[in-house]
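> how does the following fold in three dimensions:
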Amino acid sequence: MILLILNSEDALLIEIIYRRYSKFMYKVAYNILHNKYDTEDAIQQTIVRIISCIEKIGEAEDKKTRNFIGIICRNIAIDIYNKRKKQIDVCDISDYEGISVDDNDLSLIVVSQDNVEKIERFICSLDKKYQDVLFLRLQYEYSIGEIADILDLSYDNAQKRLERGRNKLKKFLLEEMNKNE
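Coordinates of the predicted model:
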């Protein structure tokens, strides 16, 4: 049993977060779990995890707070899903439509609609640590410093994860391009 003691400001912040984001958390978790009861468990675990790191949350209405909650909820839902020993398919194609990746070796690759599903499956197959940094960078266009703050990483660690995730994505895209030639 975990005993958490919150001051009145933190308790109010948690209440605001729950009221503001409960539907969002439900949607995130349900899209992964497809089960009402597991989804409710994921939301409860998300709130507990948020309480344990409440000092990292600035304001309830902040975009960073929403993304932070989304990542926590998604990861918890994935953990629940994996515990049920089912096949995982967690990413939503719409999250990755039109992603562009720029690198020194690859001036610019724009993902066509035909390849979105392949890229989605590839990103979903990566470790969570690479999924998160790629999602925050490509979808929300966060800076490395912002990603480090959201994920509670050092700047260098966030930069290295992003670099490794991009390299894996770049290698995958090059292999796909070579297959199509």
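> and the protein, what are its domains?
Per automatic domain parsing, the domain ranges recorded for the chain read 8-83, 93-180.
> check which residues of stretch 28-47 are buried.
Buried residues in stretch 28-47, defined by neighbour count with 16 or more other Cβ atoms under 10 Å: 28-30, 32-33, 38-39, 41-43, 45-47. C-beta here means a position set from N, CA and C on the backbone, and glycine is covered the same way.
> what about it, start to end distance?
Its first and final residues considered, stretch 28-47 spans 14 Å by Cα to Cα, to the nearest Å.
> what's that stretch in contact with?
With contact meaning Cβ atoms under 8 Å, 6 or more residues apart in numbering, stretch 28-47 is reached by 14, 17-18, 22, 25-26, 69-70, 72-74, 76-78, 80-81, 84, 90, 92.
> buried subset of those, written for PyMOL?
Per 16+ other Cβ under 10 Å, the buried members of the contacts of stretch 28-47 correspond to this PyMOL selection:
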select buried, resi 14+17+18+25+26+69+70+72+73+74+76+77+78+80+81+90
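> return the subset of the contacts of stretch 28-47 lying in helices.
Members of the contacts of stretch 28-47 lying in helices (criterion: DSSP state H): 14, 17-18, 22, 25-26, 69-70, 72-74, 76-78, 80-81.
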